[in-house]
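In: structural data only, the sequence is not supplied:
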């Protein structure tokens, strides 16, 4: 009996010693996930509460205004630069945590979550705090996974499905004119018809619909360039020029359905995408008129593909 008591006492002391040795006074909990998103895109995401809420779907409780994952509650606070603070609440704990975005490469970043809190010297409470920390770690891992899945889709952040493509061997014939105001469809298609008439005279065919670039100069005039891709070179003159697009050149591309206002939003979105990617642009953007605006009279149904050259 005496030895049994000694064994029990030793076991209790060992268990308590284990708790104090393996569970520190300050418990640190962290998670990170590598995202196929540039750092600035993740920062833009972190700084937008509406997008953060949208990214977690049904885990967001609109009544309590909290994200609730496996009975762990996260409350969003105001973002500061590349950091956002979240209050974390469980049945036993209330702690602060932080999510940050850190660059890994030009095209990737880490989304990191971190929290630290002081536990009790009471061995039972210390064990309970440790179990709560494990629960928080698992919930936060799900949280940043949801964030990452959302931010990796450009349409979620910019409103348009922006992609990068590689150019093939493309030859363009183009012409240009000036206008005192934004060019009308009649003006654009008149220039396009002149191009098709010219290339037809050399037995060449247009491979796609017209492409357009509109540049505004310092005196509020507009220079309008209209081009068509063709199946081979033809002679040039003062009015018509030939340009070879760089083979294996890179382009950011976005498809837009809607009127000129929507197209402008598309351009703005691609510019933000370019800025966040930290990629220089060697040339001016242009747009492909996917459907024929002479026959599609409802501008809400216009289909436009925006091309933005990048390096």
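Out: Good, I have the coordinates. Model, not experiment: these values are computed from the prediction.
In: contacts, neighbours, all on C-alpha from now
Out: Fine.
In: quickly find the element holding residue 224.
Out: Using DSSP states H and E, residue 224 maps to strand 222-230.
In: check residue 147 too.
Out: helix 123-151.
In: which residues are contacting the following helix or strand past that helix?
Out: Counting by DSSP H and E, the next helix or strand C-terminal to helix 123-151 is helix 154-158. The contact list for helix 154-158 (Cα atoms under 8 Å, 6 or more residues apart in numbering) reads 41, 44-45, 51, 150-151, 160-162, 269-270, 272-273.
In: in the helix holding residue 147, what counts as buried?
Out: Using 16 or more other Cα atoms under 10 Å as the test for burial, helix 123-151 gives 123, 126-130, 132-133, 135-145, 147-148, 150-151.
In: likewise stretch 286-304?
Out: 286-290, 293, 302-304.
In: inside strands: which ones of those?
Out: Counted as lying in strands by DSSP state E, out of these, are 286-289, 303-304.
In: biggest separation within those residues, which pair?
Out: Farthest apart among those by Cα to Cα are 286 and 303. That separation is 13.8 Å.
In: which stretches of the stretch 101-250 of the chain aren't confidently modelled?
Out: Applying pLDDT under 70 to the stretch 101-250 of the chain picks out residues 121.
In: how close does the residue nearest to residue 145 when sequence neighbours are not counted get to residue 305?
Out: Nearest non-adjacent residue to residue 145, counting by Cα to Cα, 6 or more residues apart in numbering: residue 33, 7.1 Å away. The spacing between residue 33 and residue 305, counted by Cα to Cα, to the nearest Å, is 33 Å.
In: repeat that for residue 67.
Out: If you measure residue 67 against residue 305 using Cα to Cα, the figure is 37 Å.
In: of the two, which one has the most company?
Out: residue 67 (23 against 18; other Cα atoms under 10 Å).
In: wait, a helix at that one?
Out: No. Judged by DSSP: H, G, I helix; E, B strand; the rest coil, residue 67 forms no part of a helix; its state is strand.
In: tell me who's in contact with it.
Out: Neighbours of residue 67 in contact, by Cα under 8 Å, 6+ apart: 53, 56, 59-61, 73-75.
In: now, which of those residues lie within strands?
Out: Residues from the contacts of residue 67 lying in strands, with DSSP E as the criterion: 60-61, 73-75.
In: so residue 29 versus residue 123, what's the distance?
Out: Computed as Cα to Cα, the residue 29 to residue 123 distance reads 19 Å.
In: swap that for residue 153, please
Out: Going from residue 153 to residue 123 by Cα to Cα gives 46 Å.
In: can you check residue 113 too?
Out: Distance from residue 113 to residue 123, by Cα to Cα: 27 Å.
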